[in-house]
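Undergrad: Could you work out the structure for the sequence below:
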Amino acid sequence: MKDKDIDEVFNGLLLKFPILTKKLLNISSVVTSNKEITRAHVSLMRFLKIQELCKMSDLAKILYVSKPTVTILVEKLVEFNMVKRKLDKKDRRVIYIELTDTGCNFLQKRTEIMKAAFCKSIQKFNTDDLILLKETLNNMEKLVGKMDE
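TA: Purely as a prediction, here's the structure:
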């Protein structure tokens, strides 16, 4: 399997199935050495990296958690200068959350550590196993998408 395919499976697990990642690959323990930044914080930052700007309500939907939970996660990330709040210029009641340079750097380093752990855990897989995992992720994404319709 090519690096591109491994990247696709790795990103699929992290972005689409964080609970599956935690249980199947047991790589959540390497997410951070800072006990105050949890896997949930890293997941939130990962979505911000993709979306760039996101409202709290959108983050709650994406992460499948309550708005108060997102508020708690964001507060901690603001405290560590990982994210910042940005007011909407047209409607000051709307607040967006944005990843900072500090958050981007932290996320990049943690992603590299997690990818190394992932590569180590799949060493026992052959090419057919990796193809099956990739197909399974694609099928799961389709099924989860149907749940949201």
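Undergrad: Assign the spatially most central residue of the chain to one of the three secondary structure states.
TA: The structure's the chain has its C-alpha centroid closest to residue 43; by CA atoms, centre = their mean the separation is 3.0 Å. Three-state assignment for residue 43 (DSSP: H, G, I helix; E, B strand; the rest coil): helix.
Undergrad: Isn't it up against residue 63?
TA: Yes: using CB atoms under 8 Å, residue 43 is in contact with residue 63, at 6.2 Å. C-beta: built from backbone N, CA, C; applies to glycine.
Undergrad: I'd like to check which residues are in contact with residue 84.
TA: 78, 97, 98, 100 (CB atoms under 8 Å, 6 or more residues apart in numbering).
Undergrad: redo that, cut-off 10 Å
TA: Counting by CB atoms under 10 Å, 6 or more residues apart in numbering, residue 84 touches 74, 77, 78, 96, 97, 98, 99, 100, 102, 103.
Undergrad: Which of those residues sits closest to residue 131?
TA: residue 99 (33.0 Å; CB to CB).
Undergrad: Once you drop chain neighbours, what's closest to the closest one?
TA: Of all residues not flanking residue 99 in the chain, residue 48 sits nearest, at 4.3 Å (CB to CB, 6 or more residues apart in numbering).
Undergrad: Now that neighbour: which helix or strand?
TA: For residue 48, the element it lies in under DSSP states H and E is helix 39-51.
Undergrad: which parts of that helix are buried?
TA: 39, 40, 41, 42, 43, 44, 45, 46, 47, 48, 51 (16 or more other CB atoms under 10 Å).
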